[in-house]
Structures are given as C-alpha cells and as structure tokens.
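*Asks:* I need the structure of the sequence given here:
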Amino acid sequence: MIRFLTAGESHGPELTVIVDGVPAGLALDGAAIDRDLARRQGGYGRGARSTKIERDHAELTSGLAGGRTTGAPIAMRIVNRDFANQPAEKPPLTAPRPGHADLAGSRKYGHADMRDVRERASARETAARVAAGAIAKQLLAVAGCRIGSYVTAIADVAADVPDLGSLDASALHALADAADASDVRTPDAAAAPRMREVIDAAKAALDTVGGVFVVFATGLPAGLGSYAQWDRRLDGRLAQAVCAIHAIKGVEIGDAFAIARRRGSAAQDPIRRDGAGLVRGSNRAGGLEGGVTNGEPIVLRAAMKPLSSVRTPVESVDLATGAPADAPYVRTDVCAVPAAAVVGEAAVAWVLAEALLERVGGDRVEAIAASLERLAPGPLPAR
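*Replies:* This is a model prediction of the structure:
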C-alpha cells in the first residue's frame, strides 16, 4: 500500500511530507518535484506570498540511497520562508469567515481563536500534496503514464477547447503543453487576455474569481480500480481526491454533464475491432467504466469557487462578543485556478499510483514492468 501524510501550518516553520510504500529502485528526480512546486506557485492572479516570498523546495531527508528509493518511507520538508516575517504575538480571530473552515472547525475542535483552524485548513498545505504527487508521477512514468492539466474557464470567460470525449492522448498533451506556456494555464491564446482582464477587474473590485480546469492521465492499462466494492471504484476515488482540494466544489468525469442531456444510444463510446485489437472513436466515459480503467485516457474536469477571503466586507458575527462583525480579511489570491490545476494533477497522480500498485504489486520497480507485460491482453481470435 502506498500512502502519505502531511503536517505543518500555513505560517509555521515548514511543511512535512511522509510518503510510504514507494517500491525500491525508483530513480527519484528532486528537480522534477521542485518544478511542480514552482508550477503550483505560478499563475496570473496569485498573491505576493506565492510569487515573491516563498520559493518552495522539497528537501528529501530519508528513503533514498544513491538517488534511488530504498522501500523505506520518504521524508520531505518544505520550508515556509514567510515564517520569518510573522510577529511573535497575533491578535485572536474571533469572527469566522464565511466560505472557510473557521466556524465549522472551531465547533469541531473547540478553538476560540480561528487562527488555530485557519493555519492547518489553509491551502498552503497543498504544496505538500504536490510534492507527494510528484513522486507518484515518477512512479506512474515507469508504467508509461503521463499526467497533465489545463484551464478551461476563469469566471465567465471560457476557453475555446474541444469536448473531452473527442480528445485522444496526443491532443490532450498538446493542450497541456500550450497551457504550460500561459500564465493563466489555458491553451486558448485568444481567451488568455480576457481571463487576465476578468482577474484584474476582480482585483480592482476587491474581490476574487474562480474557474474550471481539466486534469488527464494517458498511458494507463485497462483494469485499474474495481467494481466489486463501492469504495474501490476508481471514479469515486478520483472525485474524492480532487474535491478534497481547497475551494473545489465539483468534479465531472468525461463528458458527464453533456451526456446527461442525451439519450443512452448517443452517450456511449462504441467498441470496434481494429486488426487484432479494439479501438474506440470517442471517450465520453473519461476512461472509466464501472469504476475501472478501460485503456482510454482518464479525463476529469473540476470547478473551483472564488476564494472566500475578500477585501469587500462580508457579514459575520464576532463569537467573542456576539455582535455583528465583518469577516476579517486575510491575505489571499485574486485567482488560484491555474495553481489548483497543478494540485489536481498531484491528486489524480496519487490515486492512480495507488491503483497501479494494487493491480501489479511489487516491492521493487523492475517488478512493475514485468507485471504489466503479463497483464497485457492478448490478440483477439481471428475472424
């Protein structure tokens, strides 16, 4: 079993990640982990902390020998540079911010000071998830799997991109490559300036904006996941992992909402014979049928709400006095959709790495390729 835990607070000294269960022999590229951390920090609309203060670096402190995993737990630390800027004493936050974990978290754990909730509930923790997901990506690469993402909408500005069900692996990667060259992470060069304009307008109005992004995975074998029990279905596991990202309020797999308006005969991906193998002309199911990968690219879309910390006054109540109060403003981004797409890659990569090891097992990396070769389907009978 592969698993990870994170620890650390938003303005504490560091984030810590423990990754357990990675097979021995994986050549781990620390620079690739840092590249994903840098991608998470970028994007038009990010605040000063992400773009000017933090320079995230994952320091690998255990689980490696000669640059390769040993099978022991991998430990990483990501220093919070902003920690040095924090005052020794801070006034308590007693008015919960709507849309955040403040009120619910204080009711759960009994905290009178909302800082005790905010510090751990903060999206700063996603840096640790990205580091763990970067390791999962490198493990998936052994099986020939690649992960990518791109932004399809910011506020009401939508990119002109093809439907998910019509995209093959090469088209998906072309979109992701184009997105990586854009500061709003969209492959639509015509939409990018309008996305920046809507972010600028929100900033001028002391407000924030959300949006939509796509995450995909290509090169996966069929048969990952299971239909035998509800909690092993891979579509549910992927949706849970992506919805666990801060401010994500919805996940769509494949062309789910579009095909919900069609009849069943027009909502499928017909199977055809191609020589000794099988092919599909579409991927409306998003690579998953019955909770199991079917060999097509995994594609999902996620909706991110506007971030809830806004300079515009929002009604709340001071729990210390019972009096009406404006929710306190806490430094935040105007738009974090491009960054959330990178976190989405990490979430998807982690779940798929779990499912891959469930399918092929192996305490050593070389066993994965051998297992996949044995599991490959044979040719169809001659017609």
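
*Asks:* in the protein, which residue is most central in space?
*Replies:* residue 344 (1.4 Å; C-alpha atoms, centre = their mean).

*Asks:* and whichever strand or helix holds that residue, what does it pack onto?
*Replies:* Taking DSSP states H and E as the definition, residue 344 sits inside helix 337-360. Secondary-structure packing of helix 337-360 (3 or more C-beta pairs under 8 Å, 6 or more residues apart in numbering; DSSP states H and E): helix 30-41, helix 126-142, strand 146-154, strand 211-218, helix 234-243, strand 298-304, helix 365-375. Bear in mind the C-beta positions are built from the backbone N, C-alpha and C, glycine included.

*Asks:* CA atoms of it as PDB?
*Replies:* The C-alpha coordinates for helix 337-360 follow below in PDB (Å, rounded to 0.1, in the frame of the first residue of the first chain):
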ATOM      1  CA  VAL A 337      -7.300  28.400 -10.700                       C
ATOM      2  CA  PRO A 338      -4.100  27.900 -12.600                       C
ATOM      3  CA  ALA A 339      -2.400  26.700  -9.400                       C
ATOM      4  CA  ALA A 340      -5.300  24.500  -8.500                       C
ATOM      5  CA  ALA A 341      -4.900  22.600 -11.800                       C
ATOM      6  CA  VAL A 342      -1.400  21.700 -10.800                       C
ATOM      7  CA  VAL A 343      -2.700  20.500  -7.400                       C
ATOM      8  CA  GLY A 344      -5.300  18.500  -9.300                       C
ATOM      9  CA  GLU A 345      -2.500  16.700 -11.200                       C
ATOM     10  CA  ALA A 346      -1.000  15.700  -7.900                       C
ATOM     11  CA  ALA A 347      -4.300  14.400  -6.600                       C
ATOM     12  CA  VAL A 348      -5.000  12.400  -9.700                       C
ATOM     13  CA  ALA A 349      -1.500  11.000  -9.900                       C
ATOM     14  CA  TRP A 350      -1.600   9.800  -6.300                       C
ATOM     15  CA  VAL A 351      -4.900   7.900  -6.700                       C
ATOM     16  CA  LEU A 352      -3.700   6.300 -10.000                       C
ATOM     17  CA  ALA A 353      -0.400   5.300  -8.400                       C
ATOM     18  CA  GLU A 354      -2.300   3.600  -5.600                       C
ATOM     19  CA  ALA A 355      -4.500   1.800  -8.200                       C
ATOM     20  CA  LEU A 356      -1.400   0.800 -10.200                       C
ATOM     21  CA  LEU A 357       0.300  -0.800  -7.300                       C
ATOM     22  CA  GLU A 358      -2.900  -2.600  -6.300                       C
ATOM     23  CA  ARG A 359      -3.000  -4.100  -9.700                       C
ATOM     24  CA  VAL A 360       0.600  -5.100 -10.300                       C
END
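
*Asks:* going by neighbour count, which residues of that helix are buried?
*Replies:* For helix 337-360, the neighbour count (16 or more other C-beta atoms under 10 Å) marks 337-357, 359-360 as buried.

*Asks:* would a markdown table of the helices and strands packed on helix 337-360 with distance to residue 85, mean pLDDT and mean neighbour count be doable?
*Replies:* Listed next are the helices and strands packed on helix 337-360 as a markdown table, based on distance: least, C-beta to C-beta, whole Å; pLDDT from 0 to 100; neighbours: other C-beta atoms under 10 Å:
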| stretch | distance to residue 85 | mean pLDDT | mean neighbour count |
| --- | --- | --- | --- |
| helix 30-41 | 17 | 96 | 18 |
| helix 126-142 | 17 | 97 | 25 |
| strand 146-154 | 30 | 98 | 25 |
| strand 211-218 | 30 | 98 | 26 |
| helix 234-243 | 32 | 98 | 20 |
| strand 298-304 | 27 | 98 | 25 |
| helix 365-375 | 42 | 86 | 14 |
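
*Asks:* so which of those comes closest to residue 224?
*Replies:* In terms of C-beta to C-beta, the element of these nearest to residue 224 is helix 234-243, at 6.1 Å.

*Asks:* by contact count, what packs against the closest one?
*Replies:* Packed against helix 234-243 by the contact rule (3+ C-beta pairs under 8 Å, 6+ apart) you find strand 248-253, strand 288-289, strand 298-304, helix 337-360.

*Asks:* quick one: the longest one to strand 298-304, angle?
*Replies:* Okay, so that is helix 337-360. 140 degrees (axes from the mean of the first three to the mean of the last three C-alpha atoms, to 10 degrees).

*Asks:* picking up where we left off before, kindly reformat the helices and strands packed on helix 234-243 as JSON lines containing distance to residue 116.
*Replies:* Below are those laid out as JSON lines (distance: least, C-beta to C-beta, whole Å):
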{"stretch": "strand 248-253", "distance to residue 116": "24"}
{"stretch": "strand 288-289", "distance to residue 116": "39"}
{"stretch": "strand 298-304", "distance to residue 116": "26"}
{"stretch": "helix 337-360", "distance to residue 116": "24"}
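
*Asks:* quick one: closest of these to residue 199.
*Replies:* Nearest to residue 199 among those is helix 337-360 (9.2 Å), distances taken as C-beta to C-beta.

*Asks:* is residue 157 bridged to anything, and to what?
*Replies:* Beta bridges link residue 157 to residue 154 when assigned by DSSP bridges.

*Asks:* for residue 206, give me its contacts.
*Replies:* 310-312 (C-beta atoms under 8 Å, 6 or more residues apart in numbering).

*Asks:* repeat that for 6 Å
*Replies:* 311-312 (C-beta atoms under 6 Å, 6 or more residues apart in numbering).
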